[in-house]
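**Student:** below are the sequence and a predicted model; questions follow.
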Amino acid sequence: MNANDLSVEPSDVNVVKWGSETPRGGKAVLNRILKEGATVPLFCAQTLIDSLRDVGYNHTTSALCEHIDNSIEAGATEVRVFFRQTGKQGAMRTDAAVYDNGRGMSPNVLKVAMAFGGSMNYNNRDGIGRFGMGMKTAALSVSPVLEVYSWQEPAAFYNMTLDVEEIGKEKANLVQLPDPTLLTELPDELAELFLKPMGWPSDDSGQDILAGNKEELAARLGGSGTVVYMPNCDRLTYAKVKNLGTHAVQEVSRVYRRCIAEGLKLYINNRRVEASDPTYSIAGARHTRLRSG
Ligand SMILES: Nc1ncnc2c1ncn2[C@@H]1O[C@H](COP(=O)(O)OP(=O)(O)OP(=O)(O)O)[C@@H](O)[C@H]1O
Ligand SMILES: [Mg+2]
């Protein structure tokens with residue numbers, strides 16, 4: 001046989017031994033390649049997106065820090081992390097979200113940002129982001145769906161969503177992202193995060209909620225910002241919000257101590273996080289204040 005002859009051997013199809021959970025779209029693409037010699041994409045989106053869920057993050061907190069990094073890089077002065085738990089014991093649902101008041105993204109930037117490898121800071125070592133992977137892989141490591149809402153003027157929210165299951169069903173060889181959808185307000189499910197106290201923390205020192213009602217929320221969300229929403233998380237380090245929150249507070253108070261000392265307002269479930277400074281070198285840090293009484 002000529003080495004350049006790419007005609008398909010009938011036996012090729014029998015080589016395939018994919019499991020029962022294989023994305024339908026992935027099967028369709030592979031079959032087309034094996035049976036018809038169709039063009040092979042460098043990345044098979046239908047299966048890659050599924051496998052990326054397992055890569056890279058060994059803790060829910062470290063995945064959330066990817067979003068906080070992006071927020072800081074976008075010039076945010078306020079970042080709020082949410083863990084919301086609803087439903088009855090045994091059938092609890094947990095949603096996670098990160099809000100920031102940074103510069104937000106234009107629709108075209110948002111489109112690039114949703115692509116794996118899509119970055120505005122690619123290979124720029126001055127900042128934090130570098131690979132165009134963080135937001136997507138970190139979100140999908142905790143939830144099968146990533147919803148991003150970003151705005152650069154009041155009440156003009158651009159939304160894009162990556163849904164692992166939906167992409168798995170795609171039959172096209174080359175999966176393309178749709179254009180962002182423009183919304184005049186955030187969906188209720190998401191807006192509620194900003195309007196109601198979270199189940200945790202429940203002690204009487206209270207929670208500093210972003211807004212009292214929807215009208216106030218529109219003003220409070222202001223001229224630019226971004227929300228990364230991870231609904232219905234299915235891969236979290238802890239089942240209970242109390243443990244997720246406590247661990248997150250502990251870590252981010254240390255990791256972002258310098259940014260906090262420089263004025264970043266960082267909240268977890270509406271509770272402001274103070275800088276924790278193991279080296280006692282920041283004047284405003286919690287330890288310093290404890291020591292000085
Ligand atoms: N909160 C945000 N506000 C504004 N722009 C954002 C925000 N989050 C992400 N972006 C934009 O989306 C792009 C992609 O983000 P992503 O985290 O996937 O990659 P990155 O930060 O560039 O690199 P890395 O893979 O190292 O995190 C960023 O380059 C940035 O332009
Ligand atoms: Mg990043």
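**Tutor:** Nice, I can see it. Ligands and ions are numbered 1, 2, ... in the order given.
**Student:** how about the helices in the chain?
**Tutor:** Applying DSSP state H to the chain gives helices spanning 12-15, 24-36, 45-52, 60-73, 107-114, 134-142, 164-169, 188-195, 214-221, 241-255, 257-261, 286-291.
**Student:** same for the shortest one, what does it pack against?
**Tutor:** When you say that, I think you mean helix 12-15. Where contact means 3 or more C-beta pairs under 8 Å, 6 or more residues apart in numbering; DSSP states H and E, helix 12-15 is packed against helix 24-36. C-beta: built from backbone N, CA, C; applies to glycine.
**Student:** so for the helix it packs on, mean pLDDT?
**Tutor:** For helix 24-36, mean pLDDT is 92.
**Student:** and if you look at stretch 150-161?
**Tutor:** Across stretch 150-161, the average pLDDT comes to 97.
**Student:** buried stuff in that stretch?
**Tutor:** Neighbour counts over stretch 150-161 (16 or more other C-beta atoms under 10 Å) mark S150, W151, Q152, F157, Y158, N159, M160, T161 as buried.
**Student:** and for stretch 244-258?
**Tutor:** Residues of stretch 244-258 classed as buried by neighbour count (16+ other C-beta under 10 Å): L244, G245, H247, A248, V249, E251, V252, S253, V255, Y256, R257.
**Student:** again with stretch 191-209
**Tutor:** A191, L193, F194, M198, W200, P201, Q207, I209.
**Student:** what would those residues look like in TSV with pLDDT and distance to V16?
**Tutor:** Output for those, formatted as TSV (pLDDT from 0 to 100; distance: C-beta to C-beta, whole Å):
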residue	pLDDT	distance to V16
A191	98	46
L193	97	44
F194	97	48
M198	95	47
W200	95	47
P201	94	51
Q207	94	53
I209	95	53
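**Student:** tell me the contacts of the closest residue to A239 other than its chain neighbours?
**Tutor:** Closest residue to A239 apart from its sequence neighbours, by C-beta to C-beta, 6 or more residues apart in numbering: M92 at 7.2 Å. Neighbouring residues of M92 by C-beta atoms under 8 Å, 6 or more residues apart in numbering: Q85, T86, A239.
**Student:** now the last one: phi and psi?
**Tutor:** Its backbone dihedrals place A239 at phi -80, psi -30, with angles given as degrees, to the nearest 10.
**Student:** quick revisit: next, give me the two most distant ones among the buried residues of stretch 244-258.
**Tutor:** Spanning the widest gap among the buried residues of stretch 244-258 are L244 and R257, at 20.5 Å by C-beta to C-beta.
**Student:** okay, now G87: neighbour count?
**Tutor:** As a burial measure, G87 scores 9 neighbours (other C-beta atoms under 10 Å).
**Student:** my guess is it meets D95, correct?
**Tutor:** No - assessed by C-beta atoms under 8 Å, G87 is found out of contact with D95, at 10.8 Å.
**Student:** ok, now which ones touch the closest residue to S224 other than its chain neighbours?
**Tutor:** Excluding the flanking residues, the one nearest S224 by C-beta to C-beta, 6+ apart is G104, at 3.8 Å. Taking C-beta under 8 Å, 6+ apart as the contact definition, G104 lies against A74, S150, W151, Q152, S224, G225, T226.
**Student:** how near is the fourth one to G118?
**Tutor:** Using C-beta to C-beta, to the nearest Å, one gets 18 Å for the distance from Q152 to G118.
**Student:** try the last one
**Tutor:** According to C-beta to C-beta, T226 stands 15 Å off from G118.
**Student:** okay, those two: which has more neighbours?
**Tutor:** T226 (28 against 17).
**Student:** residues in contact with that one?
**Tutor:** Taking C-beta under 8 Å, 6+ apart, we find T226 in contact with N70, S71, A74, Y99, D100, G102, G104, M105, V148, Y149, S150, W151.
**Student:** is stretch 67-77 in proximity to ligand 1?
**Tutor:** Yes - using C-beta under 6 Å from any ligand atom, we find that stretch 67-77 touches ligand 1 at N70, S71, A74.
**Student:** picking that back up, which among the contacts of M92 end up buried?
**Tutor:** Buried subset of the contacts of M92 (neighbour count, 16+ other C-beta under 10 Å): Q85.
**Student:** and which of the buried residues of stretch 150-161 is nearest to ligand 1?
**Tutor:** S150 (6.4 Å; C-beta to the nearest ligand atom).
**Student:** which residues touch the closest one?
**Tutor:** Counting by C-beta under 8 Å, 6+ apart, S150 touches G104, M105, L110, F157, Y158, G225, T226, V227.
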